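[1] Provided below for reference: sequence and predicted model.
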Amino acid sequence: MYNVPIARKVCATCKWWRGSREVNFVGAREPKYVTVDGIMPRGNDCAAWRVERGATHTCNRWSKWERI
């Protein structure tokens, strides 16, 4: 498990990320982290690029995940 701060514009916080992830909250309402299974989850291609990307990769197609 790996926690990625939601303020970072990386794959784990992007709407194109296909890997499993969960939003972790601080208190009752404020989202703080996105938890992913690993930095390089296998078999989860980026929907925007159709290539395997890691949770901490960045690119010019990043778009904020709706849940955060």
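    Now that the structure is in, tell me what you want to look at.
[2] buried sites along stretch 3-14?
    For stretch 3-14, the neighbour count (16 or more other CB atoms under 10 Å) marks V4, I6, V10, C11, A12, T13, C14 as buried. C-betas here are computed from N, CA, C, even on glycine.
[3] what are the contacting residues of stretch 23-41?
    Contacts to stretch 23-41, defined as CB atoms under 8 Å, 6 or more residues apart in numbering, come from residues 1-6, 12-13, 19-22, 52, 54-56, 65, 67-68.
[4] go again using 10 Å as the cut-off
    With CB atoms under 10 Å, 6 or more residues apart in numbering as the test, stretch 23-41 has contacts from 1-8, 10-14, 17-22, 44, 52-57, 65, 67-68.
[5] ok, the residue nearest the centre of the chain - contacts?
    With distances taken as CA atoms, centre = their mean, A12 lies nearest the centre of the chain, 1.2 Å away. A12 makes contacts with 2-6, 19, 21, 33-36, 39, 41, 53-57, 65, as judged by CB under 10 Å, 6+ apart.
[6] sorry, back to before: can you redo the buried residues of stretch 3-14 as JSON lines with pLDDT?
    Formatted as JSON lines, those follow (pLDDT from 0 to 100):
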{"residue": "V4", "pLDDT": "94"}
{"residue": "I6", "pLDDT": "94"}
{"residue": "V10", "pLDDT": "95"}
{"residue": "C11", "pLDDT": "92"}
{"residue": "A12", "pLDDT": "92"}
{"residue": "T13", "pLDDT": "94"}
{"residue": "C14", "pLDDT": "94"}
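[7] next, count neighbours for I39.
    Close neighbours of I39, defined as other CB atoms under 10 Å, add up to 13.
[8] quick check: it vs G27, distance?
    Computed with CB to CB, to the nearest Å, the distance linking I39 and G27 is 27 Å.
[9] now the two most distant members of the buried residues of stretch 3-14.
    The span of these, defined through CB to CB, is set by I6 and C11 at 12.8 Å.
[10] any common contacting residues for the two?
    Taking CB under 10 Å, 6+ apart as the criterion, I6 and C11 both touch V34, W65.
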